[in-house]
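*Asks:* Take this sequence and fold it.
(one chain, ligands or ions: 2)
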Amino acid sequence: MSLTPLLNSLPKAELHLHIEGTLSPALMWELADKHQVRLPYNSEAEIAAAYQFDNLQSFLDLYYQGADVLRDEDDFYRLMWEYLRACHEQNIVHTEVMFDPQTHTERGIGFDIFMPGFLRAAQEARQEWGISCYLICSFLRHLSEQAAFETLEAAAPWYPDITAFGLDSSELGHPPEKFARVFKRVKELGFAIVAHAGEEGPPEYIWQAVELLNVDRIDHGVRCQEDPRLLALIRERQLPLTVCPLSNLKLCVIDDLAKHNILSLLDEGLLVTVNSDDPTYFGGFLNDNFSALEHALGMNEQQLQQLIVNSFKASFLPEADKQYWTEKVINAGQGC
Ligand SMILES: Nc1ncnc2[nH]cnc12
Ligand SMILES: [Zn+2]
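*Replies:* Numbers count the residues shown, from 1 in each chain. Ligands and ions are numbered 1, 2, ... in the order given. Model (predicted):
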């Protein structure tokens, strides 16, 4: 029997989502027209057809180019609002959304433009649908340590609206150690920390994220299985991994979803979660990622439920909220 009815009925959290990676071809086309931005495409369909990637960098090149159509506060509001509407449709009740300030500040678009847009959409989604949305401010690792420090400083007026700081963009050649001093400061300021590690990069980068950045969660981390000592440490500390199956397939981290190690990591007792990363670029939102696991790996009902319980456990929600949602998931599962 299909897991789709159960999947749709369960409340879920999403913990690894780049808001710039939710820009749909339709919105990109509309905003390009609004701001008279020249795109290297002749239609929405051509935009969608261009989304074929060989690796992370080939994706990032298109992703940063696409973000150029985001210019004013209303554009950032629309972007966030459309994602939160998709959350509502999938029964995502809590989401922790990454944004890349440097993608915008480098184009002269400051925190005073994008933050009010994000926050207005988040507030309306809370009122309309009861969705909670936390923000994770991510540093681009292909830029310098100095640029990350400047971004941390520029974010200061918005600290009350930020839950965590993260690290993303081109992994290879930019190990976590490059940002050890920045994240030391982030920790002193009292924020949670996440970092992309072990997506394309080796287990050594995951070690550095854990030992030098003191991460609370690892984004991706799928290559931890190559190092048994690292795997044991992640299991012992129950350090969450925010895994993104369709992203891994689309960026050629794996060549076949049937070879994905997510269920094997789950069965080994790791706190793994399912996420969509950049859904409009990778061909699926959160529920599509779960469905893909059902079809490619034969994920069963118990594994589905555990992955969803993990999404709340691994979140930055207060303990009482984690408990509340975990009970909801378990009780809803029993009713099906
Ligand atoms: N999958 C990914 N890895 C690293 N940086 C990203 N930025 C957006 N998506 C990303
Ligand atoms: Zn990511």
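
*Asks:* For residue 139, list each beta-bridge partner.
*Replies:* residue 167 (DSSP bridges).

*Asks:* Could you verify my assumption that it touches residue 165?
*Replies:* Yes - when contacts are counted by Cβ atoms under 8 Å, residue 139 is listed as touching residue 165 (7.0 Å). Where C-beta positions appear, they are placed from N, C-alpha and C, glycine not excepted.

*Asks:* Quick check: residue 212 vs ligand 1, distance?
*Replies:* 18 Å (Cβ to the nearest ligand atom, to the nearest Å).

*Asks:* Around that residue, count how many other residues there are.
*Replies:* As a burial measure, residue 212 scores 18 neighbours (other Cβ atoms under 10 Å).

*Asks:* Need the pLDDT of residue 169.
*Replies:* Here, the pLDDT recorded for residue 169 equals 97.

*Asks:* How many residues are close by it?
*Replies:* Residue 169 has 20 nearby residues by other Cβ under 10 Å.

*Asks:* wait, doesn't it sit right on residue 61?
*Replies:* No - between residue 169 and residue 61 no contact is recorded; they are 11.2 Å apart, counting by Cβ under 8 Å.

*Asks:* Now do the shared contacts for residue 139 and residue 165.
*Replies:* residue 152 (Cβ atoms under 8 Å, 6 or more residues apart in numbering).

*Asks:* Any residues of the stretch 101-250 of the chain in contact with ligand 1? List them.
*Replies:* 168, 169, 196, 199, 247 (Cβ under 6 Å from any ligand atom).

*Asks:* show me the contacts for the first one.
*Replies:* Neighbour list for residue 168: 18, 98, 100, 138, 139, 140, 141, 196, 219 [criterion: Cβ under 8 Å, 6+ apart].

*Asks:* Residue 149 - nearest residue in space that isn't next to it in sequence?
*Replies:* Closest residue to residue 149 apart from its sequence neighbours, by Cβ to Cβ, 6 or more residues apart in numbering: residue 182 at 5.9 Å.

*Asks:* Contact partners for that neighbour?
*Replies:* Neighbours of residue 182 in contact, by Cβ under 8 Å, 6+ apart: 139, 145, 148, 149, 152.

*Asks:* So which residues of the stretch 51-200 of the chain form helices?
*Replies:* Counting by DSSP state H, counting those that start in this stretch, the stretch 51-200 of the chain has helices at residues 56-66, 73-90, 101-105, 111-129, 145-154, 180-188.

*Asks:* Determine the set of other helices and strands touching the first one.
*Replies:* Going back to what we said before, that points to helix 56-66. helix 279-282 (3 or more Cβ pairs under 8 Å, 6 or more residues apart in numbering; DSSP states H and E).

*Asks:* Identify the residues contacting the helix it packs on?
*Replies:* Against helix 279-282 from outside (Cβ under 8 Å, 6+ apart): 17, 21-25, 51, 59, 62-63, 86, 244, 246-247, 249-251, 276, 285-286, 288.

*Asks:* With stretch 135-149 instead?
*Replies:* Against stretch 135-149 from outside (Cβ under 8 Å, 6+ apart): 18, 96-103, 118, 122, 151-152, 155, 158, 161-171, 174, 178-179, 181-182, 185, 194, 196.

*Asks:* Just the buried subset of the residues you listed, please.
*Replies:* 18, 96-103, 118, 122, 151-152, 155, 158, 161-171, 174, 178-179, 182, 194, 196 (16 or more other Cβ atoms under 10 Å).

*Asks:* Could I get the contacting residues of the residue in the stretch 1-150 of the chain positioned nearest to ligand 1?
*Replies:* Among the residues of the stretch 1-150 of the chain, residue 18 lies closest to ligand 1, at 4.1 Å counting by Cβ to the nearest ligand atom. Contact analysis of residue 18 by Cβ under 8 Å, 6+ apart lists 97, 98, 99, 100, 138, 168, 277, 278.

*Asks:* Closest one to residue 112 out of these, please.
*Replies:* Nearest to residue 112, judged by Cβ to Cβ, of these is residue 99 at 14.0 Å.

*Asks:* Touching, that closest one and residue 114? I think so.
*Replies:* Yes - applying Cβ under 8 Å, one finds residue 99 in contact with residue 114, separated by 6.9 Å.

*Asks:* count of residues packed around residue 159?
*Replies:* Residues near residue 159, counting by other Cβ under 10 Å: 12.

*Asks:* Revised request: answer the last question for residue 195.
*Replies:* Residue 195: 31 neighbours (other Cβ under 10 Å).
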